[in-house]
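Asks: sequence first, then the predicted structure:
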Amino acid sequence: MPVTIQSGLPAENTLQQENIFYMNKERAASQDIRPLQVAILNLMPQKSVTETQLIRLLGNTPLQVEITFLRTATYQPKNTEVSYLRTFYQTFEDVCDKKFDALIVTGSPVEKLAFEDVQYWEELTTILDWAEEHVYSSLFVCWGAQAALYHYYKVEKRPLAKKLSGVFTHGVTTPTETLVRGFDDCFLAPHSRHTTVEEEEIRSVEELKILAVSAEAGVYLAASKDDRQVFITGHCEYDALTLDSEYRRDLLAGLEPEKPVNYYPGDDEGKVPSVSWRSHANLLFSNWLNYCVYQRTPYALEDLPLQSSKRPLVIPS
C-alpha cells in the first residue's frame with residue numbers, strides 16, 4: 001500500500017522516477033481503508049530533501065500512510081521560502097487538537113547549542129508533551145533523538161572531540177525485538193553529528209532498552225520498553241551523496257572537516273560512494289510502522305489511549 005502525500009509536493013517527481021508507490025489525497029479518499037496518520041516535524045534545513053528521504057522509507061511498506069508535515073512557528077527556516085512552508089506545512093497550533101498514529105521528529109543542525117538555547121526549544125518540548133497523549137508511537141532521528149532522550153529521561157548529550165561522520169558497522173543487541181526483526185547480526189548505517197549519548201546513561205533508565213550499538217559510533221537504536229518512543233542516533237534515511245554534500249559544504253566553509261569514514265570507495269573522495277545501508281533502513285521503518293504502530297494503534301483514532309501528562313500543555317505564543 002502507498003504513502004499518501006499532498007499533490008504538488010516537490011518530492012512527487014522524484015518518487016515517480018524511482019517508482020516509489022504513493023497516492024495523492026484525492027485517490028486515497030476513494031479507498032475504504034483508514035490510512036495511518038503520520039506527522040513529520042521536519043527540522044532539517046533542506047526541507048524537500050528530507051521529505052523525499054523519509055517518504056521513500058515510509059512508502060516501502062504494505063501500509064497506507066497519510067503524512068502531515070509540521071514546521072516550527074517560533075523559528076523561520078533560512079533555506080525554505082515562506083510560500084513553500086505555507087503550502088505544504090502546518091504548525092503545531094493547526095494540529096494540537098488532532099491525534100496521530102505516529103510522529104517523526106527529524107534531526108537539526110543545532111546540536112552544538114545547549115538544548116535550552118535552541119530558539120524553538122519551548123515549542124518542541126510542548127510538542128513532545130502533546131505527543132504522549134495524542135500520538136501512539138514516535139520516532140526520533142539524530143538530534144531529535146537526543147532532544148527527546150533529554151526531555152523525557154534527562155539523558156544528556158555529550159560533545160565529541162571531532163565530528164562523527166561516515167558509515168559504521170553496528171551490532172544488534174537483542175535480535176528477538178520486533179524493531180530489529182529480520183536484521184543481520186551486523187549492519188551498516190550513516191552518522192553525521194558532533195555530539196553523542198552515552199550507552200551507560202541510557203541503560204541506567206529503567207524505561208529504556210538498547211537495540212543496536214556500534215563500537216565506533218556508540219548507541220544507534222534505542223526505544224522505550226513499550227515501543228512508543230524509538231530513538232535513532234544516525235541517519236539511515238540519507239541518500240548516497242548526502243554525506244558527500246555535507247563534507248564539501250564544510251570544506252567550502254573553511255571548517256577543515258575530515259572525510260567521512262568508510263564512505264568513499266578506496267577512501268578516494270573523487271569516487272562516487274554507493275549506498276550500503278538502504279535495506280536495513282527500509283526494514284527498520286517497516287518494522288516500526290507494522291509492529292509499533294499498525295498492529296497496536298486503535299482503528300478509531302479518537303480511542304487512542306491517553307497517558308497522564310507530566311506537564312500542563314501550553315502552546316507557545
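Replies: Looks like it came in fine. Numbers count the residues shown, from 1 in each chain.

Asks: from L304, how far off is the nearest residue to M44 once chain neighbours are set aside?
Replies: In this structure, M44 finds its nearest non-sequential neighbour in T50, 4.2 Å apart by CB to CB, 6 or more residues apart in numbering. Every residue, glycine included, has its C-beta placed from N, CA and C. Per CB to CB, to the nearest Å, T50 is found 26 Å from L304.

Asks: more neighbours: those two, which one.
Replies: Neighbour tally, T50 and L304, criterion other CB atoms under 10 Å: the higher count belongs to T50, 24 against 15.

Asks: secondary structure element for the more buried one?
Replies: helix 47-58 (DSSP states H and E).

Asks: now that helix: buried residues?
Replies: 47-58 (16 or more other CB atoms under 10 Å).

Asks: state whether T195 is indeed within a strand.
Replies: Yes. Counting by DSSP: H, G, I helix; E, B strand; the rest coil, T195 is found in a strand.

Asks: residue contacts, it?
Replies: Shown in contact with T195 (CB atoms under 8 Å, 6 or more residues apart in numbering): 111-112, 143, 146, 157-160.

Asks: now swap in F168 and tell me
Replies: Residues in contact with F168 (CB under 8 Å, 6+ apart) are 188-191, 214, 216-217, 234, 261-262.

Asks: hmm, H170 and A217 touching each other?
Replies: Yes. A217 is within contact range of H170, at 7.3 Å (criterion: CB atoms under 8 Å).

Asks: and the strands in the stretch 201-317 of the chain?
Replies: Taking DSSP state E, counting those that start in this stretch to define them, one finds strands in the stretch 201-317 of the chain at 208-214, 218-224, 229-232.

Asks: and the ones you listed, which is most packed in?
Replies: strand 229-232 (a mean of 27; mean count of other CB atoms under 10 Å).

Asks: chain center to that strand: distance?
Replies: In this view, strand 229-232 has its centroid 8 Å away from the chain centroid, taken as CA atoms, centre = their mean, to the nearest Å.

Asks: what about T125, which helix or strand?
Replies: With DSSP H and E as the test, T125 turns up in helix 121-134.

Asks: list the buried residues of the strand ranked longest in the chain.
Replies: Scanning the chain for the longest strand, with DSSP state E as the assignment, gives strand 158-172. If you call a residue buried by 16+ other CB under 10 Å, then strand 158-172 has these buried ones: 163-168, 170, 172.

Asks: same deal with stretch 275-293?
Replies: For stretch 275-293, by 16+ other CB under 10 Å, it's 277-278, 280-293.

Asks: likewise for stretch 257-267?
Replies: 257, 259-261, 263-264.

Asks: neighbouring contacts of that stretch?
Replies: For stretch 257-267, the external contacting residues (CB under 8 Å, 6+ apart) are 162-163, 165-168, 188, 190, 192, 216, 243-244, 247, 250-251, 269-274.

Asks: drop anything exposed from the residues you listed.
Replies: Here, 16+ other CB under 10 Å leaves 163, 165-168, 188, 190, 192, 243-244, 247, 273 buried among the contacts of stretch 257-267.

Asks: closest one of these to I5?
Replies: P190 (24.6 Å; CB to CB).

Asks: what residues are up against that closest one?
Replies: P190 touches 166-168, 234-236, 238, 242-243, 260, 263, 277, counting by CB under 8 Å, 6+ apart.

Asks: at 7 Å instead, please
Replies: Taking CB atoms under 7 Å, 6 or more residues apart in numbering, we find P190 in contact with 167, 234-236, 238, 243, 277.
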